[in-house]
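[1] Sharing a model that was predicted from the sequence below.
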Amino acid sequence: MNKTQFVNKLGPKDDVLSPFLVKYINAAEGKDGKSYLNIILADKTGEVEARKWHGAEHIIGQIRSGDVVIVNGKMNQFQGRMQMIISEISKLNDDQFIREDYIQKAGSAPEKMFEELLSIVDSLEEIYIKDLLVMILHDPEIARRLKIWQAGKSIHHAYQSGLLEHILSCTKLAVTLSPHYKVNRSYVVAGCILHDLCKIYELTEGPVVDYTEEGKLVGHLVKGLEIVDHFAYKIKNFPYNVKLHLKHILLAHHGEYEYGSPKIPNTSEAYLVHLIDLMDSKMSSLEQIKKNDSSSSHWSGFVKHMDRIVYKSELPTFTEYVEGEKSHSSPTSTSAPAPASSGKPTPKGVMSNLLKDFKVEE
């Protein structure tokens, strides 16, 4: 079945008849006591909330996260964001759709990103850190997973190859910022590569991501220490103090105890890795909000995990000076002609005269 309707093209009041990936489905109870379905549908262009108000009890056991379904419904706007109201929904067989239509991917090819990451590692001065990173990144299973894994379930870089995109972005920032702040570039690069690497063990593979048993019981921070120990052991005379500082960077990269960090950063290198990770994850979240938010205005709906609404349009840019009142005009409105001067002071002029001799008493 060919897919002709994509999430990023859906508008208010559009009729929908198209397949979508089910990323989340759950039965909830309305104010009237009746059950309804709360669903998140997705394709390669984004996600959209959906509701089915009738027949929830008949569907909830038949459709699961990860299924591709054919949906008949209509787009609606609710509290400033787009929402699909579903009248009919049914599961498709594997031979009825093309899986690539439902997988969001990073903006760059994973092989290209991986090669760029290796070239940065190759430029490092610290020989033990360089050898450690080369050994880790050339491990066949680590390399395979890194090229396809997501960085998270839903918030930042939550798409195929998103983890590699995040790690490469952080590493490039490490190369730029380390000399500016006069810190050891090799440690900051290593921290940026290793800080989230073990999400390849913490998260599952596929378009609908969840935590693995290892992710729930151990987590990527502790697993990262195991990886450092495992590969450093294979390098003859690997310095204990180098390994100790690398471990500190990994343990401290969440920055604050309240964010689940076992340690807070106690070295400049650890602090810089934390700030780079934070900056890159937040900027990625903003880009995803602007890309996926379905409201028709300049502003997104309220984003709970960022505790704000987000301005989605490009900021105004001028390459030439503007004249008079034009510089104060709203970009979405047309300025009315200025009234002819009557010789009398305007309210603005009167206020200026009243305030010109005003002084604050000390």
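    That came through, no problem.
[2] Going by C-alpha atoms from here, please, whenever you check contacts or count neighbours.
    OK.
[3] Before we move on, what's the pLDDT of the residue nearest the centre of the chain?
    A centroid search over the chain (Cα atoms, centre = their mean) returns residue 156, at 2.4 Å, as the residue closest to the centre. pLDDT recorded at residue 156 is 76.
[4] doesn't residue 282 make contact with it?
    Yes: assessed by Cα atoms under 8 Å, residue 156 is found in contact with residue 282 at 7.3 Å.
[5] Can you list the buried residues in stretch 87-94?
    By 16 or more other Cα atoms under 10 Å, the buried positions in stretch 87-94 come out as 89, 91-92.
[6] no no, stretch 67-78
    67-77.
[7] now the strands for the protein?
    15-29, 35-43, 46-52, 68-78, 81-91 (DSSP state E).
[8] what about dumping the CA coordinates of the fourth one to CSV?
    Translated: strand 68-78. Extracted in CSV, the C-alpha atoms of strand 68-78 (Å, rounded to 0.1, in the frame of the first residue of the first chain):
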residue,chain,number,x,y,z
VAL,A,68,1.6,-0.3,11.1
VAL,A,69,-2.1,0.5,10.8
ILE,A,70,-4.4,2.0,8.2
VAL,A,71,-6.3,4.9,9.7
ASN,A,72,-9.5,6.7,8.6
GLY,A,73,-10.1,9.9,10.4
LYS,A,74,-10.0,13.7,10.5
MET,A,75,-7.5,16.3,11.7
ASN,A,76,-8.6,18.6,14.5
GLN,A,77,-7.0,21.4,16.5
PHE,A,78,-7.0,21.0,20.2
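[9] which other helices and strands contact that strand?
    Packed against strand 68-78 by the contact rule (3 or more Cα pairs under 8 Å, 6 or more residues apart in numbering; DSSP states H and E) you find strand 15-29, strand 81-91.
[10] where do the helices sit along the chain?
    For the chain, applying DSSP state H gives helices covering 56-59, 110-122, 127-137, 140-146, 162-181, 185-194, 199-202, 213-217, 220-232, 240-251, 268-292, 347-355.
[11] ok, now how distant is the residue nearest to the centre of the chain from residue 53?
    31 Å (Cα to Cα, to the nearest Å).
[12] One more: residue 2?
    From residue 2 to residue 53 the distance is 27 Å (Cα to Cα).
[13] Equivalent analysis for residue 16, please.
    For residue 16 relative to residue 53 (Cα to Cα), the value is 16 Å.
[14] Can you list the low-confidence ranges for the stretch 151-300 of the chain?
    155, 294-296 (pLDDT under 70).
[15] quick one on the thing from earlier: let me have the buried residues of stretch 87-94 in a markdown table, adding pLDDT as columns.
    Output for the buried residues of stretch 87-94, formatted as a markdown table (pLDDT from 0 to 100):
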| residue | pLDDT |
| --- | --- |
| 89 | 92 |
| 91 | 92 |
| 92 | 92 |
